[in-house]
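>>> fold the following for me, if possible:
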Amino acid sequence: MEEKDYENLQMIREMKTTRNSLQMTQEQFGAHLGVTRNTVARWENGRLKIPRVVELAVFALRTISPKQFQVFRESRDTFIHIAKQETQSDNSKNKKAVN
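Residues are numbered from 1 along each chain as shown. Next up is the predicted model:
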């Protein structure tokens with residue numbers, strides 16, 4: 001086995017372990033990485049090489065607990081909700097100003 005193959009097998013294990021410790025499905029994990037569930041599945045079964053940027057994201061995710069990740073997700077979701085409301089409000093104001 002080549003060294004690169006061994007490194008990829010280690011990364012596959014790290015990714016699965018990290019995803020499972022965060023109690024995430026492949027679909028949820030993919031959504032956080034900006035890819036589909038199928039892409040995560042291909043990475044995890046070794047059919048597709050894991051990009052370096054994803055490796056770095058996995059290592060970053062390993063440093064937080066599932067509880068910390070849950071707090072992050074809730075905060076992120078709240079931020080997105082507020083940002084959407086503000087954008088809709090701004091759009092309404094701009095439409096009224098034009099009319």
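>>> does Phe69 really touch Leu22, like I thought?
Yes - between Phe69 and Leu22 there is a contact under C-beta atoms under 8 Å: 5.2 Å. All C-beta atoms are positioned from the backbone trio N, CA, C, and that covers glycine.
>>> now the common contact residues for those two.
Leu61 (C-beta atoms under 8 Å, 6 or more residues apart in numbering).
>>> compare the two (neighbour count), which wins?
Neighbours were counted for Phe69 and for Leu22 using other C-beta atoms under 10 Å; Leu22 has more, 19 against 16.
>>> tell me how far stretch 46-63 lies from the chain's centre.
Distance, stretch centre to chain centre, for stretch 46-63: 10 Å (C-alpha atoms, centre = their mean, to the nearest Å).
>>> extract the C-alpha set from it and format it as PDB.
The C-alpha trace of stretch 46-63 is given here as PDB (Å, rounded to 0.1, in the frame of the first residue of the first chain):
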ATOM      1  CA  GLY A  46     -12.800   5.700  -0.700                       C
ATOM      2  CA  ARG A  47     -14.300   6.300  -4.100                       C
ATOM      3  CA  LEU A  48     -13.400  10.000  -4.100                       C
ATOM      4  CA  LYS A  49     -10.300  11.600  -2.600                       C
ATOM      5  CA  ILE A  50     -11.000  13.900   0.200                       C
ATOM      6  CA  PRO A  51      -9.900  17.500  -0.700                       C
ATOM      7  CA  ARG A  52      -7.300  19.100   1.600                       C
ATOM      8  CA  VAL A  53      -9.700  21.900   2.500                       C
ATOM      9  CA  VAL A  54     -12.200  19.300   3.800                       C
ATOM     10  CA  GLU A  55      -9.400  17.500   5.700                       C
ATOM     11  CA  LEU A  56      -8.700  20.800   7.500                       C
ATOM     12  CA  ALA A  57     -12.400  21.300   8.200                       C
ATOM     13  CA  VAL A  58     -12.600  17.800   9.700                       C
ATOM     14  CA  PHE A  59      -9.600  18.500  11.900                       C
ATOM     15  CA  ALA A  60     -11.200  21.700  13.100                       C
ATOM     16  CA  LEU A  61     -14.500  20.000  13.900                       C
ATOM     17  CA  ARG A  62     -12.600  17.300  15.900                       C
ATOM     18  CA  THR A  63     -11.700  20.000  18.400                       C
END
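>>> fine by me, we can end here.
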